[in-house]
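Chemist: Give me the fold of what follows.
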Amino acid sequence: MNRHRTGLVLTLFIILAALTTGIPATAASAPAPVVDALDRAAHPLRTVEPRGDTADLRPLGRMVGAARVVGLGEATHGSHDFFALKDRVFRHLVEDEGFRTFALEAPWSTGLRLDAYVRYGKGDPRRIMREEFQRDYLWWNNTDYLRLVEWMRAYNIRHPEDPVRFIGDDIAWSGPELYDAVEDYAADAHPELGTRLAELYRGLRPTVRTGAYIERYLALPYAERKERAAHTGEALRLLRRTDPGAHRAAHDWAVQQATVIDQTARQYAFDVEDPAQIAAAMRYRDGAMAANVVWWQRHTGTKVLLSAHNNHVGYVPEEPAQNPKVQGAFLRESLGAGYVSIGLTFDHGSFNATGWDDDTIRRWTLGPAGPDGNERTLDRVRYRDYMLDIRSVGPPARDWLRRARPTRSIGTAYPDGPHDIALARSHDVLIHLHRVEAARLRNG
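Modeler: Take a look at the predicted model:
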């Protein structure tokens with residue numbers, strides 16, 4: 001997750017950071033002709049707030065085109081403006097472009113609970129967010145995402161025949177809902193398998209909430225974590241071998257739940273003493289997240305807006321030695337032009353993050369970007385906030401966008417970066433914001 005605190009992955013990154021070093025290359029500030037070319041290609045963004053007319057987002061719809069999955073990034077995990085913009089963009093894509101699913105960098109089982117709320121009004125979204133968005137995911141328990149979820153529910157009340165959906169694609173935790181789905185299917189369709197699944201899943205089914213479960217899993221010896229993955233893999237193999245008969249949809253759903261259970265176990269089954277396995281764990285997680293999004297899109301037929309960090313929706317990892325292949329690259333492999341990546345940048349502002357030495361959440365503030373950074377040039381464009389189709393930018397900005405230079409990319413702990421990033425190699429579309437402010441986290 002590259003500083004994006006997800007259970008074992010944070011531990012892996014800290015170890016890798018101690019083993020590798022890298023200093024971003026500097027580059028001369030862009031000349032005026034580059035800024036002029038960016039000016040000609042930029043489309044102004046009226047606001048990030050999800051209210052009022054969205055005519056200014058129509059160019060974004062054209063940039064997205066016929067994509068079935070659109071990754072919308074963020075340069076921090078803790079800024080209101082990024083979260084609010086995702087809300088606004090999703091509403092526009094739903095109402096004008098036929099999108100029906102919002103996917104979040106959160107556990108698959110968390111997504112099931114929120115999907116049950118937005119579709120059927122089941123549960124209290126405040127309670128669901130409080131219970132699910134813990135430890136690694138506490139950043140999502142904010143007022144902006146609560147507003148988005150409540151809008152999705154209101155939309156479905158008005159359009160019950162064509163609902164919007166919510167999924168999580170991440171794997172640091174698999175809630176009891178997944179075990180229920182697998183075991184209920186087996187009991188109904190393959191009773192002979194039920195006893196064996198219960199044996200393989202013994203001790204794995206969560207009896208505590210997300211944060212405590214992750215802490216306890218991390219404390220297990222490596223050999224036990226590896227054994228658990230062997231058990232979940234066997235359960236998945238047995239389920240896949242069963243005959244779906246006339247119940248193909250139910251079979252596919254149960255197999256997917258068993259797949260995510262296995263993904264969680266395998267995420268924790270890498271040896272943190274082996275640098276090669278650390279990098280492999282990073283790659284595994286991004287591949288699993290991409291696979292979950294692709295499965296959802298193909299089985300529901302809905303167009304998906306995927307929310308994650310820039311480093312996950314993009315094509316090129318910030319630190320290839322530490323995270324060899326990222327989710328956006330996996331999605332492009334699976335979907336081709338059916339996937340579009342949108343990166344977000346900002347010049348200055350604030351965000352929530354912990355320090356590296358403790359878990360205390362603080363509000364951090366950054367001034368304008370340095371003279372050699374991508375953001376310094378991007379902020380010279382005539383619009384305060386704007387959208388840019390990187391694929392159609394003319395020279396000399398086209399070449400400028402393909403060169404790597406320092407770029408802000410901040411996870412859940414700070415200080416972090418800047419990282420050497422070539423925007424045109426990482427994304428198809430760019431949204432630049434002049435200023436951002438820290439999101440408001442919910443305490444309950």
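
Chemist: isn't residue 410 right up against residue 417?
Modeler: Yes - contact status for residue 410 versus residue 417: in contact at 6.2 Å, counting by CB atoms under 8 Å. (Glycine included, C-beta is placed from N, CA and C.)

Chemist: Compare those two and say which is more crowded by neighbours.
Modeler: residue 410 (26 against 20; other CB atoms under 10 Å).

Chemist: What residue, apart from its backbone neighbours, is nearest residue 209 spatially?
Modeler: The shortest distance from residue 209 to any non-neighbouring residue, by CB to CB, 6 or more residues apart in numbering, is to residue 131 (5.6 Å).

Chemist: Could you tell me which residues within stretch 47-59 count as buried?
Modeler: For stretch 47-59, a neighbour-count test (16 or more other CB atoms under 10 Å) marks 48, 50, 54, 56, 57, 59 as buried.

Chemist: what does that stretch contact?
Modeler: Stretch 47-59 is contacted from outside by 43-46, 81, 84-85, 87-89, 91-92, 95-96, 147-148, 151, 385, 387, 389, 433, using CB atoms under 8 Å, 6 or more residues apart in numbering.

Chemist: Pull out the buried members of those.
Modeler: 43, 45, 81, 84-85, 87-89, 91-92, 148, 151, 385, 387, 389, 433.

Chemist: In which helix or strand does residue 365 reside?
Modeler: Per DSSP states H and E, residue 365 falls inside strand 361-366.

Chemist: One more: residue 342?
Modeler: Counting by DSSP H and E, residue 342 is part of strand 339-354.

Chemist: angle of that strand against strand 361-366?
Modeler: 110 degrees (axes from the mean of the first three to the mean of the last three CA atoms, to 10 degrees).

Chemist: sorry, back to before: could you dump the helix or strand harbouring the residue nearest to residue 209 to PDB, C-alpha only?
Modeler: Using DSSP H and E, residue 131 sits in helix 125-132. The C-alpha atoms that make up helix 125-132 are tabulated as PDB, following Å, rounded to 0.1, in the frame of the first residue of the first chain:
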ATOM      1  CA  PRO A 125     -24.500   4.000   7.900                       C
ATOM      2  CA  ARG A 126     -23.000   5.800  10.900                       C
ATOM      3  CA  ARG A 127     -22.700   2.600  12.800                       C
ATOM      4  CA  ILE A 128     -21.400   0.600   9.900                       C
ATOM      5  CA  MET A 129     -18.700   3.200   9.200                       C
ATOM      6  CA  ARG A 130     -17.800   3.300  12.900                       C
ATOM      7  CA  GLU A 131     -17.500  -0.400  13.100                       C
ATOM      8  CA  GLU A 132     -15.800  -1.100   9.800                       C
END
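
Chemist: show me where this protein has strands.
Modeler: 43-44, 69-72, 99-107, 165-170, 303-307, 339-354, 361-366, 386-389, 405-407, 419-421, 429-436 (DSSP state E).

Chemist: Present those as TSV; the columns should include mean pLDDT.
Modeler: TSV is the format used below for the strands of the chain (pLDDT from 0 to 100):
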stretch	mean pLDDT
strand 43-44	98
strand 69-72	98
strand 99-107	98
strand 165-170	98
strand 303-307	99
strand 339-354	98
strand 361-366	96
strand 386-389	98
strand 405-407	97
strand 419-421	96
strand 429-436	98
